[in-house]
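Chemist: I would like the atomic coordinates for the input below:
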Amino acid sequence: MDDYIVRASAADSQIRAFAASTRGLVEHARQIHGMSPVATAALGRLLTAGAMMGSMMKGEKDLLTLQIGCSGPIGGLTVTADSRAGVKGYVHNPLVNLPPNAQGKLDVGGALGAGMLSVIKDLGLKEPYVGQTNLVTGEIAEDITYYFAASEQVPSSVALGVLMNKDNTVRQAGGFIIQLLPFAGEEVIAGLEKKIAQLHSITALLDQDMTPEQILESVLGEFGLEITDTIPTQYYCNCTKERVAKALISIGKKDLREMIEEGRPIEVNCHFCNTNYEFSTEELKELLRRAQR
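Modeler: Residues are numbered from 1 along each chain as shown. All right, here's what the predicted structure looks like:
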């Protein structure tokens, strides 16, 4: 089945929830970036969160960027998502390799180490909204949970999981974001906290081939779950040669002249989809003419 996100409400709209199935897009990311299992798990979790958080945005042109700067060997991660749940991302060191953690799982926290999560929302205003919080565990789900509480004052439960096959392909990927709305009553808050405390890990639910609907039913069924929307999500990069050309123009006339003087084509790589764009000396001269207009 193709990847998708379900949006839902529960407890007479005191709770809102999102759940995603993202195996296909995470496997696509693994293939194009040639990632190790731990890098796949880290980026897969952030891509899953990005897809769900992107789908929370209202405007058609709204963009969300999740950036993790960290001290661990993975070096950092970047994910960008749009309001249609198109998502893309990359890690600085896709080949990072670590032994399993104390629980025998992929050591995402060890790969990230200490650092900071930045959430940048470009809503078409003069300046984008930027929220920053320190990484709590480096396991990503807990870090985004903390971001929602500290930066947006929205009590949330975030679960993100990526399961790998023995041949290092992605077996399952997905997660959920469950949030209490400001008018939620004490009884609902206490009931939800109790239910989440009893919950198996998200990877255990994914390993049972549970759909996003079934995952939310297992958490919120007793609260009167209502699925309100289902939307597709996919790995989507909107880079084109013209976009790359505009980026080259923006680096300035001096740098363009130096490239032209070298007298050979240059190759520009897109971080997000690994597409290479070649510009001949003649094309660079045309870009310089455009820069001088």
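
Chemist: Now do the contacts for the residue nearest in space to the middle of the chain.
Modeler: In the chain, the centroid-proximal residue (C-alpha atoms, centre = their mean) is Leu47; its distance is 2.6 Å. Residues near Leu47 by C-beta atoms under 8 Å, 6 or more residues apart in numbering: 22, 25-26, 29, 79, 87-89, 235. C-beta coordinates here come from the backbone N, C-alpha and C atoms, glycine included.

Chemist: Among these, which are located in strands?
Modeler: The strands, defined by DSSP state E, take in 79, 87-89, 235 from the contacts of Leu47.

Chemist: What's the first helix or strand after the strand ranked longest in the chain?
Modeler: Determined from DSSP E, the single longest strand within the chain is strand 170-180. Once strand 170-180 ends, the next helix or strand along the chain (criterion: DSSP states H and E) is helix 186-198.

Chemist: With just CA atoms, put that following helix into CSV.
Modeler: Presented in CSV, the C-alpha positions along helix 186-198 are these (Å, rounded to 0.1, in the frame of the first residue of the first chain):
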residue,chain,number,x,y,z
GLU,A,186,-8.8,16.8,33.4
GLU,A,187,-10.5,13.5,32.9
VAL,A,188,-9.5,13.2,29.3
ILE,A,189,-5.9,14.3,30.1
ALA,A,190,-5.6,11.7,32.8
GLY,A,191,-7.1,9.0,30.7
LEU,A,192,-4.9,9.7,27.7
GLU,A,193,-1.7,9.8,29.9
LYS,A,194,-2.7,6.5,31.4
LYS,A,195,-3.3,4.9,27.9
ILE,A,196,-0.1,6.2,26.4
ALA,A,197,1.9,4.9,29.4
GLN,A,198,0.5,1.4,28.8
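
Chemist: sorry, back to before: pull out the buried residues from the longest strand of the chain.
Modeler: 170, 172-180 (16 or more other C-beta atoms under 10 Å).

Chemist: And the ones in strands among the contacts of Leu47, which is closest to Ala51?
Modeler: Val87 (4.5 Å; C-beta to C-beta).

Chemist: On the C-terminal side of the strand or helix carrying the residue nearest to the centre of the chain, identify the next helix or strand.
Modeler: Assigned by DSSP H and E, Leu47 belongs to helix 37-55. Going down the chain from helix 37-55, the next helix or strand is strand 63-70, by DSSP H and E.

Chemist: list the helices and strands that following strand packs on?
Modeler: For strand 63-70, the packing partners by 3 or more C-beta pairs under 8 Å, 6 or more residues apart in numbering; DSSP states H and E come out as helix 37-55, strand 77-82, strand 115-122.

Chemist: That strand pairs with which strands?
Modeler: Sheet pairing for strand 63-70, assigned by DSSP bridges, gives strand 77-82 (antiparallel), strand 115-122 (antiparallel).

Chemist: what does it rub up against?
Modeler: By C-beta under 8 Å, 6+ apart, strand 63-70 touches 46, 49-50, 53-54, 57, 76-82, 89, 112-122, 135, 138, 140, 143.

Chemist: Any chance of the helices and strands packed on strand 63-70 in TSV with mean pLDDT and distance to Tyr129 as columns?
Modeler: TSV is the format used below for those (pLDDT from 0 to 100; distance: least, C-beta to C-beta, whole Å):
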stretch	mean pLDDT	distance to Tyr129
helix 37-55	98	12
strand 77-82	97	15
strand 115-122	96	4
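
Chemist: Determine which stretch of the ones you listed is the most buried.
Modeler: Highest mean neighbour count of the helices and strands packed on strand 63-70: helix 37-55, a mean of 28 (counted as mean count of other C-beta atoms under 10 Å).

Chemist: Now do that helix and strand 77-82, the angle between them.
Modeler: Relative orientation of helix 37-55 versus strand 77-82 (axes from the mean of the first three to the mean of the last three C-alpha atoms, to 10 degrees): 30 degrees.

Chemist: any idea how far helix 37-55 is from the chain center?
Modeler: Centre-to-centre, helix 37-55 and its host chain are 4 Å apart (C-alpha atoms, centre = their mean, to the nearest Å).

Chemist: Stretch 90-106 too?
Modeler: From the chain centre to the centre of stretch 90-106 is a distance of 17 Å (C-alpha atoms, centre = their mean).

Chemist: How about stretch 68-86?
Modeler: Worked out by C-alpha atoms, centre = their mean, stretch 68-86 lies 6 Å from the chain centre.
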